[in-house]
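Peer 1: Fold the following, please.
(chains A and B)
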Protein chains: 2
Amino acid sequence: MIELARSSPVPLGEQIVDRLARLIESRQLAEGMRLPSVRQLARKLKVGVFTVVTAYDRLVARGLIEARQGSGFFVAPRPNLPAPVEIEQAGAPDTVLGLAQQALEVDRLAVPAGSGFLPPAWLADAVTPAILARVARHAAGLFRPSPPQGEAGLREQLADRLRHKGIQAASGQILVTFGASQAFDLLARALLVPGDAVLVEDPGYFVLFAQLARHGLKLLPVPRLVDGPDLDAVETLCRLHRPRLMFTQTLLHNPTGSNTSPAKCHRLLGLAEKHGFLIVEDDVYGDFAPDQALRLAQIDEFQSVIHVGGFSKALGPGLRVGFVAAAPAIIRQLMEQKILSVLSGALLPELVVAEVLRSGRFRRHAEQLRRRLAKAQGLARKALTAAGITFDEQAGAGLFLWGRVPDRTDVGALVRSAREQGILLAAGRLFSPGGGCATHLRFNVVHAADPTLSAFLRPRLAA
Amino acid sequence: MIELARSSPVPLGEQIVDRLARLIESRQLAEGMRLPSVRQLARKLKVGVFTVVTAYDRLVARGLIEARQGSGFFVAPRPNLPAPVEIEQAGAPDTVLGLAQQALEVDRLAVPAGSGFLPPAWLADAVTPAILARVARHAAGLFRPSPPQGEAGLREQLADRLRHKGIQAASGQILVTFGASQAFDLLARALLVPGDAVLVEDPGYFVLFAQLARHGLKLLPVPRLVDGPDLDAVETLCRLHRPRLMFTQTLLHNPTGSNTSPAKCHRLLGLAEKHGFLIVEDDVYGDFAPDQALRLAQIDEFQSVIHVGGFSKALGPGLRVGFVAAAPAIIRQLMEQKILSVLSGALLPELVVAEVLRSGRFRRHAEQLRRRLAKAQGLARKALTAAGITFDEQAGAGLFLWGRVPDRTDVGALVRSAREQGILLAAGRLFSPGGGCATHLRFNVVHAADPTLSAFLRPRLAA
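Peer 2: Okay, here's the model as predicted:
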């Protein structure tokens, strides 16, 4: 019935599973038929009893055979399976959910030029097999519940890392979250009620806008200038709408790559105090900026500022490890909301990030990423310019380039036809809560010099 | 300055870190002082250059020293650290958030009798070092983004596992979540609006009630009887309030341990169809029940039923892997809400659970847990009865026992004074959305026979 290839590199147990699965799926072994006992099959195939036990277990797990108490293993009944339904995509690539989802399903793309993440090859040196092995060695610890505030060792490492950036936070002032995204979600749910007004940057991070809008919040767009948010606009909006909160990226702003100047940082904190709003400082790109660059949290000391960071950019988006540092009273509210949303965090990724930080590798890794990104910026700018993209600013830094297509371009059509060729583009319109940026695109500099992208853009932008 | 113990089992690099950290923290090395260069120190201590580089890196990561471009390493300035602030507990143990948090911070407890989780020692055989090593070997894959619907291989394994329980779901009909908790959160946010009425069981899962209440939903308590929910009450509540959704646990109901009878399953589905409400079948304890036990999803085929499961009970709450199986249109809505809450899931725990299921170990592990729990039930019941707890039902199964203290007992005071002795108790009141169960306690059978608990309860219940 079964022949095993003893010289094959495929383990014998796996061969048994494959052969039996094929016989069952092709109906050569009929429903309800009894399989040889473990001992019989082991003897017949000249393999160990354990090999057969394991193989049968896997076939049971796949639903192909079933164990009947005391009488052995039988071919399982073959139900008429429902046709497999895949939720292919949440929407077209020129919609918020479509772009967010497609940037995460990167395996389906040839050129993820609209993605906000680094490619795995840039990240693989940070979480080494040795680090994973060290975490796995303490496997007993993996079965305990994870404390809802975040694993204590990780919070200590995060406090160290913040201190290195000049931000003084005790580990008890830190809440670990599933990425910065969950931090934003918890902040909106714990601190705001539907109808509240919040200041956001225009352009800014598109998923955040959709998150806030879904909470029923009123978004007040603040133009993002080359040296930070337009503070005159902030002042006017405060007088008109009395916002509760402002979201801003001090360093390497997404999508423009700009930094808020130290002078503006000071003035912004003054406005927050004067008008009584809190500032959420989103520092998710902060590891691509020098540690000594000025951040709001450094000068504010958690009076008005809530600092959000994470490792989706420098270690990988699949880890889902982010954090909030804030005044203890705010952390407590966020933690309660976290318990009522997801109960707690995932211990395994938290331990991995703690170990990466503890090993001291992270700093060197981040430095290396900065150097590589600076080089990629130059190459991407050159390639995009040659393809017909123009740029408002002379230089840039970080992960993104924020460019323009010629005014007459139908950007929606461009993005959709790019997607048909496996190229993900990020339409500028999504980044503008005020409805602007219709002819902008945001490019990931790592993928923007890809010749496939140039070949796609050049004829269309010249037309 | 530094002496290394060459015969010590502590690696030399770690010794260097420890010695230098102590010198800096005790201020024997002053702020701003220059450290020997890497080469100098390596030569002096007769260790490799790499050992010193790594040691310095770790000291930099701890904020104790800093690197200045081109001029070497210096003792970092010592800021006046804010006093460490710990968010000790969200509330007293007789509150919803207090109980939820304390059950997760199990290290602080001597007897977690009110916890809803198994102890790590019962779980450690499922996720073996070999499984972790197998996942770690594909480390390159750990840096990619995780698809928001959940890792495809895990969804296939989950579909297999459901098929084994008689539930037909394609992998595309499954959404992976951060535990069942996130599934409930996403369901409430995607399918309901504040003010909507939902049917819940009384008694039932206390955190769920707080989650739903925070969404502004109106809870309609349905008495939980020994054979399932009181369907006459369901019918009356439907006529009065037109609920949109019902939450129910078909098997091993928390806290009573009861199962819904097959006849009631059928009648309940009829009521859902007649009154147009959806049923969320919470099967998180389902792995402690036989696979062939009847579940609503098995007979309904995702017309009215949304099936929720997870691995917090049988593999460990720190993994945060749960899932929803439902009609594709519902899965799509949930996935969109997931993107707007946490962007995506965590790849590492998803790969670990997929590997455990693939290996075929899970089924045997769950069987073993069932046997152990059955034994623990008997012992716990005997010990609690001797301590003065009474039980309404003759027999039980699963993780919990739902007992009563004498009528005159002040349960709040009992729970708080237990906590002072490191004993976590779960007050029945929290489990009753209708405000009943004032003299009940829910016991985790694994911890309920602990002599410390008996010694605490006996004099207080006899008084």
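Peer 1: Next to chain B, which bits of the stretch 301-450 of chain A? Give me the list.
Peer 2: Residues of the stretch 301-450 of chain A found near chain B, taking C-beta under 8 Å from any C-beta of the partner chain as the criterion, are A:315-320, A:328, A:331-332, A:335-337, A:339-349, A:352, A:357-364. Heads up, the C-betas are built off the backbone N, CA and C, glycines and all.
Peer 1: Mind checking which of those are in helices?
Peer 2: A:328, A:331-332, A:335-337, A:339-342, A:347-349, A:352, A:357-359, A:361-364 (DSSP state H).
Peer 1: Any of those buried? List them.
Peer 2: If you count burial by 16 or more other C-beta atoms under 10 Å in any protein chain shown, the buried members of these come out as A:331-332, A:335-337, A:339-342, A:347-349, A:352, A:357-359, A:361-363.
Peer 1: Low-confidence stretches in chain A?
Peer 2: Scanning chain A for pLDDT under 70 picks out A:1, A:78-90, A:138-140.
Peer 1: which phi and psi does A:F443 have?
Peer 2: Note on A:F443: backbone dihedrals following degrees, to the nearest 10 are phi -110, psi 140.
Peer 1: How many residues are close by it?
Peer 2: When neighbours are defined as other C-beta atoms under 10 Å in any protein chain shown, A:F443 has 25 of them.
Peer 1: That one against A:V405, yeah?
Peer 2: No. Under the criterion of C-beta atoms under 8 Å, A:F443 makes no contact with A:V405, lying 11.3 Å away.
Peer 1: what touches both of those two?
Peer 2: Residues touching both A:F443 and A:V405 (C-beta atoms under 8 Å, 6 or more residues apart in numbering or on different chains) are A:I389.
Peer 1: On the three-state scheme, the nearest residue to A:L219 once chain neighbours are set aside is what?
Peer 2: Distances taken as C-beta to C-beta, 6 or more residues apart in numbering or on different chains place A:P433 nearest to A:L219, at 4.8 Å, with adjacent residues excluded. In terms of secondary structure, A:P433 is coil; the call rests on DSSP: H, G, I helix; E, B strand; the rest coil.
Peer 1: what sits against A:P433?
Peer 2: For A:P433, the contacting residues are A:V200, A:D202, A:G204, A:F209, A:L219, A:P221, by C-beta under 8 Å, 6+ apart.
Peer 1: What of A:E367?
Peer 2: In this structure, A:E367 makes contact with no residue, judged by C-beta under 8 Å, 6+ apart.
Peer 1: Now it: which helix or strand?
Peer 2: Taking DSSP states H and E as the criterion, the element that holds A:E367 is helix A:361-387.
Peer 1: what helices or strands is the first helix or strand past that helix going along the chain leaning on?
Peer 2: Tracing the chain past helix A:361-387, the next element assigned as helix or strand by DSSP H and E is strand A:390-391. With contacts defined as 3 or more C-beta pairs under 8 Å, 6 or more residues apart in numbering or on different chains; DSSP states H and E, strand A:390-391 has these neighbours: helix A:361-387, strand A:400-404.
Peer 1: How far off centre is the longest one?
Peer 2: Put simply, helix A:361-387 sits 20 Å off its chain's centre (C-alpha atoms, centre = their mean, to the nearest Å).
Peer 1: What of the shortest one?
Peer 2: Computed by C-alpha atoms, centre = their mean, the chain-centroid distance of strand A:400-404 equals 21 Å.
Peer 1: Starting from the helix or strand that A:F247 is a member of, tell me which strands it pairs with and how they run.
Peer 2: Under the criterion of DSSP H and E, A:F247 resides in strand A:245-248. Here strand A:245-248 has these sheet partners by DSSP bridges: strand A:197-202 (parallel), strand A:278-282 (parallel).
Peer 1: Quick one: residues in contact with the first one.
Peer 2: Contacts of strand A:197-202 from elsewhere in the structure, counted by C-beta under 8 Å, 6+ apart, are A:192, A:208-209, A:212, A:217-224, A:229, A:234, A:237, A:241-249, A:253, A:277, A:432-434, A:436.
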